[in-house]
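1. please find the sequence and the predicted model below.
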Amino acid sequence: MSSYGVYKVTDKKCATCSFWSGNRKIVFRSNKPFNVNADAGHADCIAQKGKKATAATTCLKWQQWEKV
């Protein structure tokens, strides 16, 4: 079983960013996005070539993920 972090969709973390290329699962509450469960570890940042980020990393290029 892999470990993951839980982040509110309003947190400005890499896990909630549209540029996050790692695995994540959106958790809904009352039919609205509430939390993001993102795998622990590093993933490539699509916005900044060559940068490795964790789900909890913050940066100035953050953009909220598209709502499903």
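-> On my side now, so go ahead.
2. how distant is the host helix or strand of residue 6 from the center of its chain?
-> Assigned by DSSP states H and E, residue 6 falls within strand 4-8. Centroid displacement of strand 4-8 relative to its chain, using C-alpha atoms, centre = their mean, to the nearest Å, is 8 Å.
3. tell me which residues of the helix or strand just after that strand come out buried.
-> Going down the chain from strand 4-8, the next helix or strand is strand 24-29, by DSSP H and E. Within strand 24-29, the residues that count as buried by 16 or more other C-beta atoms under 10 Å are residue 24. In this view, the C-beta of every residue, glycine as well, is placed from N, C-alpha and C.
4. confidence score at the residue of the chain most remote from its centre?
-> Going by C-alpha atoms, centre = their mean, the residue of the chain most distant from its centre is residue 30, 20.8 Å out. On pLDDT, residue 30 comes in at 95.
5. and the gap between it and residue 54?
-> From residue 30 across to residue 54, the span is 29 Å (C-beta to C-beta, to the nearest Å).
6. name the residues of stretch 6-21 that are buried.
-> Here stretch 6-21 shows 7, 9, 11, 13, 14, 15, 16, 17, 19, 20 as buried, counting by 16+ other C-beta under 10 Å.
7. can you pull the contacts of the fifth one?
-> If you count contacts by C-beta atoms under 8 Å, 6 or more residues apart in numbering, residue 14 has them with 20, 22, 38, 43, 45, 53-59, 62.
8. try 10 Å this time
-> Counting by C-beta atoms under 10 Å, 6 or more residues apart in numbering, residue 14 makes contact with 7, 20-22, 24, 38, 42-43, 45, 47, 51, 53-59, 61-62.
9. ditto for the first one
-> The neighbourhood of residue 7, defined by C-beta under 10 Å, 6+ apart, consists of 13, 14, 15, 16, 24, 35, 36, 37, 38, 55, 56.
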